[in-house]
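Q: The sequence isn't on hand, but the structure is:
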């Protein structure tokens, strides 16, 4: 039986006056036992930017007319650094991609 | 109230507010130890860092600033320097640690939203070695939560901090974790140019209290039960119970029980448990030492193995006998080695003696070919070759070296070489005992006198001539006229020569008179019938001295005496008078001036 998943709240340090927290997954197992109470906000934006960039680049090569990507990202901490886990989103897949190509033929001209 | 030592360890701890939050502890009055990941692996040495100390009952005191002194991210260790000293600090050591020893760790985990100063218990397991070459201390049965990083890991059996808590196996379970071992910490500290201080005296006091508490708490047996067990140490269940309580092996416990069983009636009830614990530990140390004892001699090694087996069968008497046999074997081995060594020494000395003899032969050959400097070199090599046990022979070669140098200096007019001869004669006098070898000593004084007189004559140095006269007088003083009359006469002649040279240089009639007295004394033993050659040489010197004195004093009587000497001398072989009116002895062409002939000794 799978162990219940543990979540830990961690503060994101940014310029905003509001306190923003991120829930990170505690996967258990061996780890260092310092208490990290905050991480820089940039770590989150950097990771999200990297994911979007890499997916965008790979879709670009197939030149779809329209693409829709749905993915679930969970975050964890490893040695004080934020890491992303591509996690299960809606349904059973952890990454759902819909691509469309517009293949309509040009219309024939009328005879006279 | 908890363990006295853990309570004291709490006063050594601080809450470290680095990139992460964790624990740290003082290992010296101004030095805190923690993990690098608590400080921040990227943090540079010299960076400011805040520390909070916990004081009951109010919790943390206001944070104070300190400095990251040395940060070692690869080892996950950081040292922090504080400006204010902490009176308590913990000693580091893994010495005596055994698997199963009870441990305590301290840290600052979160309980809800608040930090607490917490303690966990664990058991020492051993080491984990990683592929990266890092060795970590592994422990089990304690729940290591976040906040324990950098905390001290105390061994309650050895009363020393074994390491710094670094990792948990799982912070939700009591699986234990890993710590950085004390030897790594000590080596990093030394690398930073600092040694550990002496153990904090208050720590030693707390350790003593802990020991008392432990002996009461660890053995849950009444004094009667203990006495009974000491008399019958074969009760497996109780041994097992004691083994679990003390964390020591059955063998050590059984041996301690047997040992104490012999004097159990003299031990008061309250001392039974502490004595047992002390003795168990002593046996444990003995057994551990024996486990690694070995010898490259198979027979001795076999005795060690037998001794080990005897102790495992709880038979210390038999083990003692095996050790005795091992000692005898080792002694015999040492004696055999000594004999071989003596033999080797003998062969070596004989080889050196022969080498010295052959080299001295080369010296003799060189002397015969008038290559005096080569001769001196060979005699020096021969003297240096001989070991200290052959000092007398070595000194004889040294004497030959000095003589060769003297001859070269004398014949080639080389004052530098003459001076070398003088120095060697002086060193020979220091090595030679007047009481043990009076003749050698007198000969060395005589030769020194000759060399000094020649040098003094060449340099026109009154100082050297006076020194030469003293040397000749010393030679005479050390010579028994009755035993060696010819030596005595030769020394008198040589004294006469030194005095005559001094008299000529100073134009002193007094010195000339002394010279004449010395020559006359020589004549008393150099009789014409017995020593015609020496007689004629000495007479030659006497005649010359009389003639000089006659000229100096303008006194005819001396010239007449000189004339009488000439008369006697005229019958001597190869003699005559030079154009300058100086008497000569030797080839009649008068080219080799022989006035003032000296007698070198022991060549």
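A: In hand now; what should we look at? Remember, predicted model here, so these are calculated numbers, not experimental data.
Q: Any residues of chain A in contact with chain B? List them.
A: Neighbours of chain B within chain A, by C-beta under 8 Å from any C-beta of the partner chain: A:6, A:28-37, A:79-80. Every residue, glycine included, has its C-beta placed from N, CA and C.
Q: out of these, who's nearest chain B?
A: Using C-beta to the nearest C-beta, residue A:34 is the member of the residues of chain A next to chain B that lies nearest chain B, at 2.9 Å.
Q: wait, doesn't the closest one sit right on residue B:36?
A: No - assessed by C-beta atoms under 8 Å, residue A:34 is found out of contact with residue B:36, at 9.8 Å.
Q: List only buried entries from the residues of chain A next to chain B.
A: Among the residues of chain A next to chain B, those classed as buried by neighbour count (16 or more other C-beta atoms under 10 Å in any protein chain shown) are A:31-36, A:80.
Q: Give the full set of residues in contact with the spatially most central residue of chain A.
A: Residue closest to the mean C-alpha point of chain A, counted by C-alpha atoms, centre = their mean, is residue A:73 at 4.0 Å. Shown in contact with residue A:73 (C-beta atoms under 8 Å, 6 or more residues apart in numbering or on different chains): A:47-48, A:51, A:84-87.
Q: again, but for residue B:81
A: Going by C-beta under 8 Å, 6+ apart, residue B:81 touches B:30-32, B:66-67, B:69.
Q: Report the buried residues of stretch B:557-564.
A: B:558, B:561-562.
Q: Take those residues and lay them out in TSV including secondary structure and pLDDT.
A: Formatted as TSV, the buried residues of stretch B:557-564 follow (DSSP: H, G, I helix; E, B strand; the rest coil; pLDDT from 0 to 100):
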residue	secondary structure	pLDDT
B:558	helix	88
B:561	helix	87
B:562	helix	87
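Q: How about residue B:419, nearest residue that isn't a chain neighbour?
A: Leaving aside its chain neighbours, residue B:419 sits nearest to residue B:455 (6.6 Å; criterion: C-beta to C-beta, 6 or more residues apart in numbering or on different chains).
Q: Now do the contacts for the one you found.
A: Taking C-beta under 8 Å, 6+ apart, we find residue B:455 in contact with B:409, B:415, B:418-419, B:422, B:461, B:464.
Q: Please identify the residues of chain B in proximity to chain A?
A: Residues of chain B lying near chain A by C-beta under 8 Å from any C-beta: B:18-22, B:35, B:37-38, B:76, B:107-110, B:144-150, B:165-172, B:177-178.
Q: mind redoing it with 7 Å?
A: Contacts of chain B with chain A, taken as C-beta under 7 Å from any C-beta of the partner chain, map to B:19-22, B:35, B:37-38, B:110, B:144-149, B:165-172.
Q: next one: stretch B:42-49 to chain centre, how far?
A: 44 Å (C-alpha atoms, centre = their mean, to the nearest Å).
Q: Which positions within it qualify as buried?
A: Quick answer for stretch B:42-49 (16+ other C-beta under 10 Å): B:43, B:49.
Q: Check stretch B:508-521 too.
A: The neighbour-count check on stretch B:508-521 (16+ other C-beta under 10 Å) flags B:508-509, B:511-516, B:518-519, B:521 as buried.
Q: now do stretch B:31-41
A: For stretch B:31-41, burial by neighbour count (16+ other C-beta under 10 Å) applies to B:31-41.
Q: residues in contact with that stretch?
A: Contact with stretch B:31-41 is made by A:32, A:34, A:79-80, B:14, B:16, B:18-20, B:22-27, B:49, B:51, B:66, B:68, B:71-73, B:76-82, B:149-150, B:164, B:166, B:185, as judged by C-beta atoms under 7 Å, 6 or more residues apart in numbering or on different chains.
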